[in-house]
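K.L.:
A predicted structure for the sequence below; I have some questions about it.
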Amino acid sequence: YEQRKHQLREELGDVLWYVAALAHRFDLDLDDIATASLEKTKDRWRPTPDTEHVRFDDQFPDHERLPRQTTLTFTPTPRDGRTVIVLTREDGTPAGDPLTSASHVEDDYRFHDAFHLAHAAVLGWSPVTRFLLGRKRRSHLRTDEAEDGGRAIAIEEGISALVFSYAARHRYFADINHIDNELLTTISHMTAHLEVSICRAADWEQAIFTGYTAWRQLREQDGGTVHLDLDRRLLTVDPL
């Protein structure tokens, strides 16, 4: 054992020498490389601590902020010979249009607003949830257009569809602990110009898993009431 350990130490020393030589060849600083590697590791594997979590709407009027706690109910409703999901706010008013899965094959994408609620809960960001709750930041034109407008909504909907396609090939994340880096990188590229770009890949992974846990419950129960808690950064689901 000691001989193998000594041999391994020598081989690792050779590796370090080659790394240092290669860095020198391309005028790279090993301290910079190490720092960048640590930042990459933190981004991927360590969600933002609550003490560092940014509230994107803190400087806006109360009626333009996402509620710290609220509930929304997903109710299956017969309509025109099919069943749609009607989403209602805490006060019973509709939140958006009734939804189907909009697919030849029923895959319960009709419950996908749970993903947007998870984005709001975990990331503090969701232009779709702002639209559903009537919390767009209209007092600041640039924010209203760039962060809460149609393009941002389309990007979030695109992320939901992209992740759903991936999730369908991975048991909708049941008993899955991690998401492929390529998917998280794609999401990072899609949101690079938006305020949510400061969130880490680990935050996105947490948000996605939170949304799919709620989605699987809604799917199993055929509806339910989702409790949104931005302070605790989580969703809980109760049956109808």
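P.N.:
The structure has been received and is ready for your questions.

K.L.:
Excluding its own residues, what touches the longest helix belonging to the chain? List them.
P.N.:
Looking only at the chain and at elements set by DSSP state H, the helix with the highest residue count is helix 2-25. Contacts of helix 2-25 from elsewhere in the structure, counted by Cβ atoms under 8 Å, 6 or more residues apart in numbering, are 28-30, 33. Glycine gets a C-beta too; all of them are placed from N, C-alpha and C.

K.L.:
could you pull out the helices for the chain?
P.N.:
Listed from the start of the chain, the chain has helices (DSSP H) covering 2-25, 30-45, 113-118, 127-133, 141-146, 150-168, 181-190, 201-221.

K.L.:
Please export the C-alpha coordinates of the first one as PDB.
P.N.:
Listed next in PDB are the C-alpha coordinates belonging to helix 2-25 (Å, rounded to 0.1, in the frame of the first residue of the first chain):
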ATOM      1  CA  GLU A   2       2.700   2.500   1.000                       C
ATOM      2  CA  GLN A   3       4.600   1.700  -2.300                       C
ATOM      3  CA  ARG A   4       1.500   2.300  -4.400                       C
ATOM      4  CA  LYS A   5       0.900   5.500  -2.500                       C
ATOM      5  CA  HIS A   6       4.400   6.800  -3.100                       C
ATOM      6  CA  GLN A   7       4.100   5.900  -6.800                       C
ATOM      7  CA  LEU A   8       0.800   7.700  -7.100                       C
ATOM      8  CA  ARG A   9       2.300  10.800  -5.400                       C
ATOM      9  CA  GLU A  10       5.100  10.800  -8.000                       C
ATOM     10  CA  GLU A  11       2.700  10.500 -10.900                       C
ATOM     11  CA  LEU A  12       0.500  13.300  -9.600                       C
ATOM     12  CA  GLY A  13       3.600  15.400  -9.200                       C
ATOM     13  CA  ASP A  14       4.300  14.800 -12.900                       C
ATOM     14  CA  VAL A  15       0.700  15.800 -13.800                       C
ATOM     15  CA  LEU A  16       1.100  19.000 -11.900                       C
ATOM     16  CA  TRP A  17       4.400  19.700 -13.700                       C
ATOM     17  CA  TYR A  18       2.800  19.200 -17.000                       C
ATOM     18  CA  VAL A  19      -0.200  21.500 -16.000                       C
ATOM     19  CA  ALA A  20       2.200  24.200 -14.900                       C
ATOM     20  CA  ALA A  21       4.300  23.900 -18.100                       C
ATOM     21  CA  LEU A  22       1.200  24.100 -20.200                       C
ATOM     22  CA  ALA A  23      -0.100  27.100 -18.300                       C
ATOM     23  CA  HIS A  24       3.200  28.800 -18.800                       C
ATOM     24  CA  ARG A  25       3.200  28.000 -22.500                       C
END
